[in-house]
Structures are given as C-alpha cells and as structure tokens.
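Need a 3D model of the sequence below.
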Amino acid sequence: MSTNGIAAAVTRALTGVVNPVTGKDVVAGGQVADLEVDDAGRARFVFALRKGDPGTLVRQARAAAEGVDGVSGVKVSVQLPQTATGEASAEMPSGAAAAPRRGRGAPAGTVPGQPHQTGLQPGSVPAPTPRPGILSGVARIVAVSSGKGGVGKSMVATNVAAHAAARGLATGLLDADIYGPNIPVMFGEERRPSVTGAKGSEMIVPLEAHGVRLMSLGFLLEREQPAIMRGPLIAGILKQFMEQVSWGRLDLMVVDMPPGTGDAQLSLVQTVELDGALMVSTPQKVATGDVRRGVKMFERVNTRVLGIVENMCGFRIPGSGEVVDLFGRGGGEDLASELSVPFLGRIPLDLAVREAGDAGTPTVISAPSSPAGRSLAEITDRILESLERLPPRK
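Got it, this is the predicted structure:
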C-alpha cells in the first residue's frame, strides 16, 4: 500500500475515535491535523486537546492509528488547550478528512483555522515515542512522582525498591531527582560508582545496597556541591543514566522523580516506555491539588497512573494510643476516587521512617513490623500485583 493509501486508512481509523465532550469523531471535530506517513510506514499527526477533553483521548487516537495495516509506528504531537483553543475556530466541516501532507504543505503543528506558529509552542507536548533498545533488559519501569516536594516521595521509592528486592526481584533504583538526590542517604551509600569499558564506550557500574542496584547524581557530587543546571542538562543526565549505566537484567526499575511536572518528567516519558507512575501525596489540599496536576500530566503523555499513596496520615502518640491526624486524613483517597485511579494505601507518621532514613536502611528492612513498615510492604505488593497483569514492555 502507498503512503497516501496508509494515510487515508489512518484517517478512517481515527474517525472511529469519538470525543465524549463534543459527540463528534476527532477528525470531523478538527482535532487531527498534519497527518503524514513516511516510506517506512511511520505515521505522525498533530492532536489538538481542548479544554475538558479526557486525557485518554490521545491514547485512543494513537491506538487507532497503530492498528492500521502498514503502520510501523505512530508519533503524536499533542497541543494542549493553552494553544489549541479549538472551540473557537479549529473545527473542520462535518465529514471532512485529515488530509496527508504533500511535499512542503502546512508545517507540523498547524491546526486548521489558526494562524501558523513556527516551532514547538508553549503548551504543545510531543507524546512519548520511546526509542527501542533503551533499558531493553528491564522488565518493568515505574516512576514514583509527586506534585510537590516534602511529601515522602523518595522514601516511598526507596521502600518500594527495597521490598521488591526482598521478594526476590532483581531491582534497580534510578534517582532522577537531580536537584535533591537523596537516595544515597536513604540507602546509606557513600561510595562512587566505577566505570568499565574501552575509551569511548565506557559504562557506569551501579552501586548496590540492600539488594538494590542504585544510580544517583548524589554519588557523583561532593557532599556540599549543589546541582546548578538548566533543563537540557537534566535531560542529558537522565539519558546517560539510562543508556550508559550497566543495569543488567532487572525485573523492576523504580525511578525516583523530582517533584512537579517539568523537564525530568517529560524527558523520561519521551525516552523510555513506562509501565506506570505512582503518585505520592500527603492528605491536605495543598498537596493533593498538586498531585491532581501530576496525574493529569501523566495522562497527557499517555502514561498510566498505577495509583495514589497517602503519606504522613495519622500520628500515634507514644504511650496513649491516641492517633492525631496532623495533616488531615483521606485527601489522597478522595483524590483517587475523583480521578478514577486506584488508592494504594496510607502510610502513618512513624518514628521508624525517620530513623530508617537517617540510618540508611529502608523501613521495610529495618522495621518491617512497624506500622509504616507494614503499610509500605502492602503498598508495594499491590503495585507488583498490578504490574503482573500488564502486557510485556515492547
């Protein structure tokens, strides 16, 4: 089949994707533009998300295109509502098709009815197109993320990795929190990783502690040296940690993300295929509001959210048994219900967590029978069970 024929077939497939907000298919609704297919069968198009659209709409469009015979790959450039204000003028006439580009037609990123803007515009986020071969020896990759700092994200990542290793899984932990690399402290590891291989093809050998293979910028910096760098450097470091670290065969890689929805998150999902993201929050609104944005970000870049964990939930006063909800209670569970994602459990405020972090031994190892230790183990077990139900990574 010719490239034009494949492009026409992709267009027909996209007409089967209906926007539940407008009731129209995404082609007739003018949300698909600049569809083209190259000689290798790789399809690409711009998808304009509008205010109120479900984040799953992009995934449905991608899946429809991938199901067309002759298509070897699909790349979707997503335009977010800030720039894709389709309600006003981006709508194509009913029944119109998203025509393939010919020669030097409309530049990529053009939405019908809108003035052309060159380059990647604010709010336009390319959907992830992971390159094959990166971390090919890793069976599952899970990102642990949060909307804001200080909610216990690194603590959760540490204990998920440690408990998975204790269950017999070959586990690695990649510390992507470039500005606040705390994994070395939490694992009690101060050595510097070694380098092997011939000049020009060197590989970093990850350190190992408590059965977990570790890589962190913290291993490469002096104790008081800050990480002062812009976004492109962060992306380069993450790429190096994925491609130039000798991880070996792993059943599970846990990635400790920085807080927020910035360069590191986008670099990760655009480089490697994630099996899912775990969101960590404390119960109060100032935290859950930011986690909500984090969940939406992962939805926009076609990454499943495995669930939400509510940390620092309830402090048991020693000697009395009374539990005080210092940060409130139920905010994470309510958010999970609102967003229709799994609620994986609560972790109480527990002295054992602080002691474990300072001592460099994860709570699930140093205090497995503590309230926090039991909660962390149960949460990890739920994550591993959900991963077992997923198809293998490509």
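
only C-alpha atoms for contact and neighbour calcs from this point on.
OK.

Kindly state the domain boundaries assigned to the chain.
Following automatic domain parsing, the chain resolves into domains at 3-126, 141-388.

Looking at those, spot the one closest to residue 133.
Across the domains of the chain, residue 133 has its closest neighbour in domain 141-388 (9.1 Å, CA to CA).

Between the two ends of that closest one, what distance do you get?
Domain 141-388 stretches 12 Å from its first residue to its last (CA to CA, to the nearest Å).

May I ask which helix or strand of the protein has the lowest mean pLDDT?
Among the secondary structure pieces of the chain, namely its helices and strands, helix 86-89 has the lowest mean (mean pLDDT, DSSP states H and E), a mean of 34.

So for the longest helix along the chain, what gets flagged as buried?
As far as residue count goes, and with DSSP state H defining each element, the longest helix of the chain is helix 371-388. Within helix 371-388, the residues that count as buried by 16 or more other CA atoms under 10 Å are 371-383, 387.

Could you let me know which of these ends up closest to residue 60?
Distance to residue 60, by CA to CA, is smallest for residue 387 among the buried residues of helix 371-388, at 21.1 Å.

That closest one: what's it in contact with?
Contacts were defined as CA atoms under 8 Å, 6 or more residues apart in numbering; by that measure residue 387 touches 140, 275.

mind redoing it with 7 Å?
Contact criterion CA atoms under 7 Å, 6 or more residues apart in numbering gives no residues in contact with residue 387.

That one and residue 170: what is the separation?
Counting by CA to CA - residue 387 and residue 170 are separated by 15 Å.

Check residue 338 too.
Between residue 338 and residue 170 the distance is 35 Å, computed by CA to CA.

Confirm residue 46 sits in a strand?
Yes: counting by DSSP: H, G, I helix; E, B strand; the rest coil, residue 46 is part of a strand.

count of neighbours near it?
23 (other CA atoms under 10 Å).

now it, which residues is it bridged with?
residue 33, residue 77 (DSSP bridges).

can I assume it is in contact with residue 30?
No: distance between residue 46 and residue 30: 10.5 Å, which falls outside the contact criterion (CA atoms under 7 Å).

how about the helices in this structure?
3-14, 56-66, 86-89, 153-166, 183-186, 231-243, 263-269, 285-300, 331-339, 351-359, 363-366, 371-388.

if we can go back for a sec, got TSV for the domains of the chain, with distance to residue 134 too?
Converted to TSV, the domains of the chain look like this (distance: least, CA to CA, whole Å):
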stretch	distance to residue 134
domain 3-126	17
domain 141-388	6
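
returning to what we had before: looking at the buried residues of helix 371-388, spot the one nearest residue 248.
Sorting the buried residues of helix 371-388 by how near they are to residue 248, with CA to CA, puts residue 387 at the top with 20.1 Å.

Could you check the pLDDT of that closest one?
Per-residue confidence (pLDDT) for residue 387: 94.

From residue 157, how far out is it?
Taking CA to CA as the measure, residue 387 falls 16 Å from residue 157.

Could you list the low-confidence segments of the stretch 101-250 of the chain?
101-132, 229, 231 (pLDDT under 70).

Give me the more crowded residue out of residue 338 and residue 170.
Shown here are residue 338 and residue 170; by other CA under 10 Å, residue 170 has more neighbours (20 against 10).

who touches that one in this structure?
250, 251, 252.

Am I right that residue 277 is in contact with residue 146?
No: the criterion here is CA under 7 Å, and residue 277 misses it with residue 146 at 9.7 Å.

Counting neighbours, go ahead and name the busier of the two.
Taking other CA under 10 Å, residue 277 and residue 146 do not tie; residue 146 has more neighbours (33 against 25).

Who are the contact partners of the more buried one?
153, 259, 260, 279, 280, 281, 291, 294 are the contacts of residue 146 under CA under 7 Å, 6+ apart.

Repeat the analysis, applying 6 Å as the threshold.
259, 279, 280, 291 (CA atoms under 6 Å, 6 or more residues apart in numbering).

Just the ones of the residues you listed in strands?
Counted as lying in strands by DSSP state E, out of the contacts of residue 146, are 279, 280.

Looking at neighbours, which among the contacts of residue 146 is most surrounded?
When neighbours are taken as other CA under 10 Å, the top entry among the contacts of residue 146 is residue 280 (32 neighbours).

Burial check on residue 180, number of neighbours?
Residue 180: 17 surrounding residues under other CA under 10 Å.

Not counting its neighbours along the chain, what's nearest it?
Taking CA to CA, 6 or more residues apart in numbering, and ignoring the residues beside it in sequence, residue 180 has residue 258 as its nearest neighbour in space, at 7.6 Å.

Surely the one you found touches residue 179?
No: with contacts defined as CA atoms under 6 Å, residue 258 does not count as touching residue 179, sitting 7.6 Å away.

which one of these two has more residues nearby?
For the pair residue 258 and residue 179, the greater number of neighbours falls to residue 258 (25 against 15), based on other CA under 10 Å.

could you measure the more buried one against residue 169, distance?
Going from residue 258 to residue 169 by CA to CA gives 25 Å.

what do you get for residue 289?
From residue 289 over to residue 169 the distance is 34 Å, taken as CA to CA.

can I get the buried residues of helix 371-388 in CSV with distance to residue 2?
Listed next are these as CSV, based on distance: CA to CA, whole Å:
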residue, distance to residue 2
371, 62
372, 59
373, 59
374, 58
375, 56
376, 54
377, 54
378, 53
379, 50
380, 49
381, 49
382, 47
383, 44
387, 39
